[in-house]
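**Q** fold the following and give me the result.
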Amino acid sequence: MNSLNIKDVIEIPEVKPNLVVKVGEINSEQKRQAHVRDYVITDSIAKELESLVKSIADSAQSGFEGLGIWVDGSFGSGKSHFSTYLGMLLTNDQATWEKEYSVIQQLADYRAILEKYPVFVLPVNALDVPDSLKRNIFTSVNKQLELLGHEAVELSSAKQIIQTFEENAESETAFWNLLFGRSLTVTSKEEYSGAKENDPDSLALEIREHVFRGAQRAMDLYEEMAEGIRKITAHLKTLGFYALVILLDEITLFLQGKGEETTSRSLAELNRLLEHENAAIPVWAIVSRHIALEDLVGTQWKILMSRFFWKYMLKARR
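**A** Numbering: from 1, shown residues only. Here you go, the predicted model:
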């Protein structure tokens, strides 16, 4: 009797599929190619993709307000993969639209709408900035604008904080000593100059934390969420975008272990994402979660999320 090896009966592909998917991968050409190659669109996924692409395209064309949508599923169920593939369709990735699935071919008219009325797709991993959801979203906007070759939108008071610090330090050298002696990341003028050029927000936070006192130290570096969204959408409108689609991943992992104050603030910021009154273009938020928020944070979510995610529910599972 001839013996068989495992490799003789099981075919192992040369290219292994990516086991961990992040929504930010829509910005990587190599990752996009892998998604197009590996992602399997089941009947249920096709139904949800069709509904979302149609709704967002119609929203961009007509200007009706966006919605907040949950992408529900346990770990490994394909939430991030679904959001990433949706983002690739919305950004008109050619290979994604050419994939041979009937649902994609049936959406050809909506692709034409998206070409005429482009949407700004913003991937955000909530774990990238573990202490502030608002800061994560605002900084992600400007990173995405930079990747697309567009001018940033002013969403923080970093420039004013740095200017105030430098004006005071010019006449009182103790300000430099306070910053360099207390900060773990800005310990010299060389590091100060580098942070000022490459990450002024983080530098401003270091100055506020280690040098400022009283009201200056207590002030929020960033705009309120609703005002920030107003500024972002107004800026995007001038750039020729007709809707903003936020792909927010890992929200429940972000909230786990947070104190009551941080949790309440973050939920309120989520709620204000869809403050439509002052938004210049429709705003959509596609938010992935692996457990229901009420199981994580209790009854307070019902009050703070009163305007969020009630109109439409999406479940994406393999």
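**Q** can we go C-alpha only for contacts and neighbour counts from here?
**A** OK.
**Q** which helices and strands does the host helix or strand of residue 59 pack with?
**A** Element membership of residue 59 [criterion: DSSP states H and E] is helix 43-62. On a contact count with 3 or more CA pairs under 8 Å, 6 or more residues apart in numbering; DSSP states H and E, helix 43-62 meets helix 79-90, helix 102-106, helix 108-116, strand 243-249.
**Q** outside of it, which residues touch it?
**A** Helix 43-62 is contacted from outside by 64-66, 82, 86, 89-90, 103-104, 107, 110-111, 113-114, 117-119, 242-243, 281-282, 284, 314, 316-317, using CA atoms under 8 Å, 6 or more residues apart in numbering.
**Q** now swap in stretch 87-101 and tell me
**A** Contacts of stretch 87-101 (CA under 8 Å, 6+ apart): 26, 32-33, 36, 41, 53, 85, 104-105, 111, 114-115, 118-121, 247.
**Q** go again using 7 Å as the cut-off
**A** 26, 36, 104, 114, 119, 121 (CA atoms under 7 Å, 6 or more residues apart in numbering).
**Q** give the contact list for the fourth one.
**A** Just to be clear, that refers to residue 114. Going by CA under 7 Å, 6+ apart, residue 114 touches 57, 90.
**Q** repeat that for the third one.
**A** Under the criterion of CA under 7 Å, 6+ apart, the contact list for residue 104 reads residue 97.
**Q** next one: it from residue 45, what distance?
**A** For residue 104, the distance to residue 45 (CA to CA, to the nearest Å) stands at 11 Å.
**Q** same check on the fourth one?
**A** Shown here: residue 114 relative to residue 45, a distance of 20 Å by CA to CA.
**Q** likewise for the second one?
**A** Taking CA to CA as the criterion, residue 36 is separated from residue 45 by 15 Å.
**Q** any idea how far residue 66 is from residue 75?
**A** Counting by CA to CA, the separation of residue 66 from residue 75 is 27 Å.
**Q** neighbour count: those two, which is higher?
**A** residue 66 (20 against 11; other CA atoms under 10 Å).
**Q** just to check, that one is in contact with residue 280?
**A** No: in this structure residue 66 lies outside contact range of residue 280 using CA atoms under 7 Å: 11.8 Å.
**Q** wait, residue 246 touches residue 288, no?
**A** No: using CA under 7 Å, residue 246 is not in contact with residue 288, being 11.0 Å away.
**Q** quick one, which of those two is more surrounded?
**A** For residue 246 versus residue 288, neighbours defined as other CA under 10 Å are more numerous around residue 288 (26 against 22).
**Q** what about that one, helix or strand, and which?
**A** According to DSSP H and E, residue 288 maps onto strand 283-289.
**Q** who does that strand touch, helix- and strand-wise?
**A** Applying 3 or more CA pairs under 7 Å, 6 or more residues apart in numbering; DSSP states H and E, one finds that strand 283-289 contacts strand 68-72, strand 243-249, helix 251-255.
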